[in-house]
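# Here is a sequence together with a model predicted from it:
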Amino acid sequence: MTTTTQQITLAARPAGLPDDSTWSLETVELPELADGQFLVEVDHISLDPAMRGWLNDVRSYVPPVQIGEVMRAGATGTVVASRHREFAVGDHVTGTFGVTEYAVSDGAGVTHIDLDLAPAPTWLGALGMPGLTAYFGLMDIGELKDGDTVVISAAAGAVGSVAGQIAKARGCRVIGIAGGPEKTDWLRQIGFDEAIDYKSENVLKRLREVAPKGIDVYFDNVGGDILDAALANLRRGARIVICGAISQYNEETLPPGPSRYMSLLVFRARMQGFLVFDFLDRYPEGLEAIGEMIRSGRLVARETVASGGVAAFGEALLKLFRGENTGKLVLKVR
């Protein structure tokens, strides 16, 4: 059994975008396994926009990562040593192991994964938290109905691309907003009815053209001006699903709030935030639904895999905020 692991810890809280001073690369000794523990060799680490929020020392839905702690992250890996009766050597698993090469676990929050259904990176994307976020955000918060006009921002990302395909499979008209022709072309390839390039098009104008009767469900991952554009084009009874606001995560001062919020009154609409953890007891339902879509070919799972191992974590994370990923962004450890 290996005796050491490389890991990334939080060295300093960033102001704005994280940089090299934010992280520390350390090599540490692994403890001996106790009864009820097992050792995971990590192969892929999830890179998520939420990570930026975890670095701020503020009250949130989870405690902030503390200075000196291993950076929190979901990951996949293989059990290489075990003193746990439910996890055997050779089992493939996923859990919040952190940005590390090896992790000791007692099994809390760890689940087995089936690599015959999908490769490990997909279990961090469409079959992981992003896919479940898309599923419950649309079905429960968005109250998706057949025939709805659905608009999704950051539509070529991990959550947005799955949300769009779920909505399309449910008989909806789906419009995606993404940055650049490569991403908008891909959205059309996977079934989106329309794709708007926010980098080269007027989003407000284009929404009025492609959704002339208004928006029934807006799934928001970015906030800012794009949220305002959607609010300006609602249909009566619209549901706005607040999933994220990546355009604001690295701002050092709070940006202005939505300027068109009175549309909620005019169109008797509802805007609601949520967390995937709210649906913890229903994860099997979501995974079964998404897994069936993958098996039947109705959902295309795509990952952007960054290389370089644990040492490359800091630079790989920045790809999210530069919009360099299509689908789920993961870091390959080995």
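The structure has been received and is ready for your questions.
# which ones are touching the spatially most central residue of the chain?
Nearest to the geometric centre of the chain sits residue 130, at 3.9 Å (CA atoms, centre = their mean). The neighbours of residue 130, taking CB atoms under 8 Å, 6 or more residues apart in numbering as the test, are 48, 124, 157, 158, 159, 162, 328. Yep, even glycine has a C-beta here, placed from its N, CA and C like the rest.
# so of those, which ones are in strands?
If you go by DSSP state E, the contacts of residue 130 have residue 328 in strands.
# Could you dump the contacts of residue 130 into a markdown table and include distance to residue 141 and neighbour count?
Converted to a markdown table, the contacts of residue 130 look like this (distance: CB to CB, whole Å; neighbours: other CB atoms under 10 Å):
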| residue | distance to residue 141 | neighbour count |
| --- | --- | --- |
| 48 | 19 | 25 |
| 124 | 22 | 28 |
| 157 | 18 | 30 |
| 158 | 18 | 33 |
| 159 | 13 | 29 |
| 162 | 15 | 32 |
| 328 | 21 | 30 |
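# okay if I get the contacts of residue 130 as JSON lines plus pLDDT?
Listed next are these as JSON lines, based on pLDDT from 0 to 100:
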{"residue": "48", "pLDDT": "95"}
{"residue": "124", "pLDDT": "98"}
{"residue": "157", "pLDDT": "96"}
{"residue": "158", "pLDDT": "96"}
{"residue": "159", "pLDDT": "97"}
{"residue": "162", "pLDDT": "98"}
{"residue": "328", "pLDDT": "97"}
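# on that earlier part again, just give the nearest non-adjacent residue to the residue nearest to the centre of the chain, would you?
Leaving aside its sequence neighbours, residue 130 sits nearest to residue 158 (CB to CB, 6 or more residues apart in numbering; 3.7 Å).
# which stretches of the stretch 101-250 of the chain form helices?
Ranges of helices within the stretch 101-250 of the chain are 129-136, 158-169, 181-189, 203-210, 224-231, based on DSSP state H, counting those that start in this stretch.
# can you tell which of these is closest to residue 309?
Residue 309 lies closest, by CB to CB, to one member of those: helix 158-169, at 21.0 Å.
# Which elements pack onto that closest one?
With contacts taken as 3 or more CB pairs under 8 Å, 6 or more residues apart in numbering; DSSP states H and E, helix 158-169 sits against helix 129-136, strand 149-152, strand 173-178, strand 215-220, helix 283-296.
# list the helices and strands the fourth one packs on?
Read it as strand 215-220. strand 149-152, helix 158-169, helix 224-231, strand 234-242.
# What strands line up against it, and which way round?
With DSSP bridges as the test, strand 215-220 is paired with strand 149-152 (parallel), strand 234-242 (parallel).
# Which of the ones you listed sits closest to residue 195?
strand 149-152 (10.0 Å).
# Tell me the buried residues in the closest one?
149, 150, 151, 152 (16 or more other CB atoms under 10 Å).
# try stretch 107-127
For stretch 107-127, burial by neighbour count (16+ other CB under 10 Å) applies to 107, 110, 113, 118, 120, 121, 122, 123, 124, 125, 126, 127.
# Could you do stretch 8-27 as well?
Of the residues in stretch 8-27, 8, 9, 10, 14, 18, 22, 23 count as buried by neighbour count, 16+ other CB under 10 Å.
# how about low-confidence regions in this protein?
Along the chain, the model assigns pLDDT under 70 to residues 1-2, 247, 249-252.
# if we can go back for a sec, distance to residue 188 for the strands paired with strand 215-220 - can I get that in CSV?
Shown next, in CSV, are the strands paired with strand 215-220 (distance: least, CB to CB, whole Å):
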stretch, distance to residue 188
strand 149-152, 14
strand 234-242, 23
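# To residue 54, which of those strands lies closest?
strand 234-242 (18.2 Å).
# still on that earlier bit, with distance to residue 317 added, can I get the helices of the stretch 101-250 of the chain in JSON lines?
Converted to JSON lines, the helices of the stretch 101-250 of the chain look like this (distance: least, CB to CB, whole Å):
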{"stretch": "helix 129-136", "distance to residue 317": "16"}
{"stretch": "helix 158-169", "distance to residue 317": "14"}
{"stretch": "helix 181-189", "distance to residue 317": "19"}
{"stretch": "helix 203-210", "distance to residue 317": "27"}
{"stretch": "helix 224-231", "distance to residue 317": "21"}
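# Looking at these, which is nearest to residue 322?
Between the helices of the stretch 101-250 of the chain, helix 181-189 lies closest to residue 322; by CB to CB that is 13.0 Å.
# Now the closest one: buried residues?
Buried, per 16+ other CB under 10 Å, within helix 181-189: 183, 184, 186, 187.
# Stretch 307-323 now?
Residues of stretch 307-323 classed as buried: 309, 310, 312, 313, 314, 316, 317, 320, 323 (neighbour count, 16+ other CB under 10 Å).
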